[in-house]
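1. using only what follows, build the 3D model:
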Amino acid sequence: MAEVILLLAVSVALAWPLGRYLASVLKGEASRADAMFLPVESLIYGLLRVDPQRGMTWRGYALAFLASNVVLGVFAWLVFLLQHTLPLNPDHVPGMRWDLALHTAISFLTNTNQQHYSGQAQLSYLSQMVGIVTLQVLTPMMGLGIAAAMLRGLFGGRNAATARDGEARDLGNYWVDVTRLTLRVFLPLALLFALSLTMLGVPGTFAGARIVRPLDPGAGMTEQVIPVGPVAAMVATKQLGTNGGGWYGPNSAVPLENPTPLANALELIAIVVMPIAVVFMLGPFTGRRRLTPLVFGVMATLSLASIGASVHSERQPNAATAGLAAPGPNLEGKEVRFGASASALWAAVTTQTSNGSVNAMHDSLNPLAGTAAQVNMLVNAIWGGIGCGLVGHLVFLLLSIFIAGLMIGRTPEVYGRKLETGEVRLLSFLVVLQSLTILGFTALALVIPGVAGNSNPGLHGIAQVFYEYTSAYANNGSGFEGLGDATYWWNLSASAVLLLGRYPCLLIPLMVAGSLARKRQAPQTAGSLDIESVTFGATMIAVIVLVTVLSYLPVLVLGTVGEQLMLAHS
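-> So this is what the prediction gives:
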């Protein structure tokens, strides 16, 4: 347990200065690094033909976001389709089938990295580098740009002091936000982390697969093919960008991706350091110093509850091996070099964020830990992805303001701006959209014979399907596995869920922020709702539990909760 506490403490300690730096970058403050970065940024703005001084309304910001995503998505899809004709393919990997290429492009475009393929066997080096890593670098910064624009809107926009009531507000420049965040924050961190992983033994080469002789000739193998490649760079971007996925099919459970306990610790810290830093960015960026403790307190409370349940669950024996092995923690599906506690911690934080990478098989988790992983993704705002997690959390904050306002008989206000029917309808639509999407596709997959292809009967089979769609909607990417997911059904249905879980969940809150920004700001008085208090934080936790956990309790009972109840009565 000491290692769990130490890793969490180090993550928070590193996130604090990083959060302040993020605020400085997004505010465009001058720094000593300008001499290095400004010429590169100016070149990019020139190539894109954008004016970095020009602000955007929420519509302009949203259109720029969508346009960049369409271009990147089509480009990645073509790379995956045509990789067999492109260079940097020393292992002669064939091109992907169109539906698998489409799912892969959408999956990485939405910062999900849900994999219906095995990376080392079905992607060339060029596809991994140009298709996968490019999206892993840019998409989290796009999400953070949306979060920054939404925060500007909640406080009236950058032109709040001069704009008239009802006038569209300046929420920033999308191209400037993404460019500065990518060059000044993400790429330097990814480079440092990639070099660290290379030093620890993660491959970084353009050479083809290695052919080696097995140590035991009696195993019936004369040689073994070990795929390598520029793995370290991909692992660095997947962890730091809450991207997930992996160069190899089994992900960070493979020694080549995660060779030592130190590498495991660094990769685990990398999962959460950026999402936590975004929380620490709030105070310096908005000028509301008490906003960071509110958001951090709510997120940390939910996070520790989830981690505690996961670690406790995995320290219990696996019921399937009762009486067949020595008593001890659940080591099924785990790397014994990491152990049960470190694997449970990883499973918790990778689903609290939208990372989705794994160092153990989630399908082998005890039911309580499996439930915690699913609930983390249903909430999707404990830490969440970079930017998109904060956006989801702000949605819960606005809903909590509305509910609290009704309880005390006051018109709900967000920092002096009225939260009215139109905004609440949009926020409520997001809650309904999640339920309709996840439950609807789960029901279809289960009711149509032979579609799901799940490997387990009964409750766990239901949990496998529900987990897959929950992971897609939460832009997480992890899976219970055990599904025949390289089919037309899974590729196309999961692609639809990926899109619905990304774009409405980012653009509708941005629309709400744009609407609030245009309203007249009333002065806050002693009768105003104090949303930066412990009481309101407790209200937020209650709203999150009621809106998400209880909404999905029936399907959870048909899955992992039902399995846990069966174990308790066995």
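2. where does pLDDT dip in the protein?
-> Applying pLDDT under 70 to the chain flags the ranges 325, 526-527, 570.
3. quick one: the strands in it, in order.
-> Listed in chain order, the strands of the chain (DSSP state E) span 210-212, 224-226, 413-414, 417-418.
4. touching the third one from outside, list them.
-> In this case it means strand 413-414. Strand 413-414 has contacts (C-beta atoms under 8 Å, 6 or more residues apart in numbering) with L154, L398, I401, G405, L419, L516, A522, S528, L529, I531. All C-beta spots, glycine's among them, are computed from the backbone N, C-alpha and C.
5. which among the residues you listed end up buried?
-> The neighbour count (16 or more other C-beta atoms under 10 Å) marks L154, L398, I401, G405, L419, L516, L529, I531 as buried among the contacts of strand 413-414.
6. what residues are up against the closest residue to the second one other than its chain neighbours?
-> So that's L398. Closest residue to L398 apart from its sequence neighbours, by C-beta to C-beta, 6 or more residues apart in numbering: L427 at 5.7 Å. L427 makes contact with V395, L398, L399, F402, I508, P509, V512 under the criterion C-beta under 8 Å, 6+ apart.
7. can those residues go into TSV with extra columns for distance to G484?
-> Output for the contacts of L427, formatted as TSV (distance: C-beta to C-beta, whole Å):
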residue	distance to G484
V395	34
L398	40
L399	38
F402	43
I508	34
P509	35
V512	40
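8. now for those: which two are most distant?
-> By the measure C-beta to C-beta, F402 and I508 form the most distant pair in the contacts of L427, at 15.0 Å.
9. greatest separation within the contacts of strand 413-414: which pair is it?
-> So, these by C-beta to C-beta: farthest apart are L398 and A522, at 17.0 Å.
10. mind checking how far G562 is from A568?
-> According to C-beta to C-beta, to the nearest Å, G562 stands 11 Å off from A568.
11. settle it for me: which of the two has more neighbours?
-> Remark: of G562 and A568, G562 carries more neighbours, 19 against 8, as counted by other C-beta atoms under 10 Å.
12. doesn't L459 make contact with that one?
-> Yes: with contact defined as C-beta atoms under 8 Å, G562 reaches L459; the gap is 4.6 Å.
13. ok, and the most crowded of the contacts of L427?
-> Counting by other C-beta under 10 Å, top hit in these: P509 with 28 neighbours.
14. list the contacts for the nearest residue to that one once chain neighbours are set aside?
-> In this structure, P509 finds its nearest non-sequential neighbour in V391, 5.1 Å apart by C-beta to C-beta, 6+ apart. Each residue near V391 by C-beta under 8 Å, 6+ apart is listed here: G143, I146, A147, M150, G384, C505, L506, P509, L510.
15. ok, which pair from those is furthest apart?
-> Top of the distance list for the contacts of V391 (C-beta to C-beta): G384 and L510, 15.6 Å.
16. between the two, which one's more packed in?
-> Neighbour count, other C-beta under 10 Å: between G384 and L510, G384 has more, with 28 against 21.
17. pull the contacting residues for the more buried one.
-> For G384, the contact set (C-beta under 8 Å, 6+ apart) comprises T242, P275, Q352, T353, S354, L390, V391, G392, H393.
18. can you tell me which of those are in helices?
-> P275, Q352, L390, V391, G392, H393 (DSSP state H).
19. number of nearby residues for the second one?
-> A count of nearby residues for Q352, using other C-beta under 10 Å, gives 31.
20. measure the closest residue to it other than its chain neighbours to T351 for me?
-> The spatially closest residue to Q352, leaving aside those adjacent along the chain, is I382, at 4.2 Å (C-beta to C-beta, 6+ apart). Taking C-beta to C-beta as the measure, I382 falls 9 Å from T351.
21. now do the same contact list for the closest residue to F402 other than its chain neighbours.
-> Spatial nearest neighbour of F402, excluding adjacent residues (C-beta to C-beta, 6+ apart): P412 at 4.6 Å. P412 sits next to I401, F402, A404, G405, L406, K418, L419, L529 when contact means C-beta under 8 Å, 6+ apart.
22. I figured the first one was touching S528, is that so?
-> Spelled out, that is I401. No: using C-beta under 8 Å, I401 is not in contact with S528; the gap is 10.9 Å.
23. okay, the contacts of strand 413-414 in JSON lines with distance to S11 next?
-> Converted to JSON lines, these look like this (distance: C-beta to C-beta, whole Å):
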{"residue": "L154", "distance to S11": "27"}
{"residue": "L398", "distance to S11": "28"}
{"residue": "I401", "distance to S11": "29"}
{"residue": "G405", "distance to S11": "35"}
{"residue": "L419", "distance to S11": "33"}
{"residue": "L516", "distance to S11": "32"}
{"residue": "A522", "distance to S11": "39"}
{"residue": "S528", "distance to S11": "35"}
{"residue": "L529", "distance to S11": "32"}
{"residue": "I531", "distance to S11": "26"}
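24. closest to P87 out of those residues?
-> Lowest distance from P87 to those (C-beta to C-beta) belongs to L154, with 47.0 Å.
25. roughly how far apart are the closest one and L282?
-> For L154, the distance to L282 - C-beta to C-beta - is 11 Å.
26. what of V555?
-> Distance of V555 to L282, given as C-beta to C-beta: 33 Å.
27. over to P329?
-> Between P329 and L282 the distance is 38 Å, computed by C-beta to C-beta.
28. out of those two, which sits in the more crowded spot?
-> Higher neighbour count among P329 and L282: L282, with 25 against 19, using other C-beta under 10 Å.
29. now do the contacts for the more buried one.
-> Counting by C-beta under 8 Å, 6+ apart, L282 has contacts G19, L151, R288, L291, T292, V295, L390.
30. pull out the buried members of the residues you listed.
-> Among the contacts of L282, those classed as buried by 16+ other C-beta under 10 Å are G19, L151, R288, L291, T292, V295, L390.
31. can you list those in CSV and add distance to A360?
-> Output for the buried ones among the contacts of L282, formatted as CSV (distance: C-beta to C-beta, whole Å):
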residue, distance to A360
G19, 30
L151, 36
R288, 39
L291, 36
T292, 33
V295, 30
L390, 28
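32. among those residues, which ones are in helices?
-> Using DSSP H, the members of the buried ones among the contacts of L282 that fall within helices are G19, L151, L291, T292, V295, L390.
33. what's the closest of the residues you listed to T301?
-> Of all these, V295 has the smallest distance to T301: 11.0 Å, by C-beta to C-beta.
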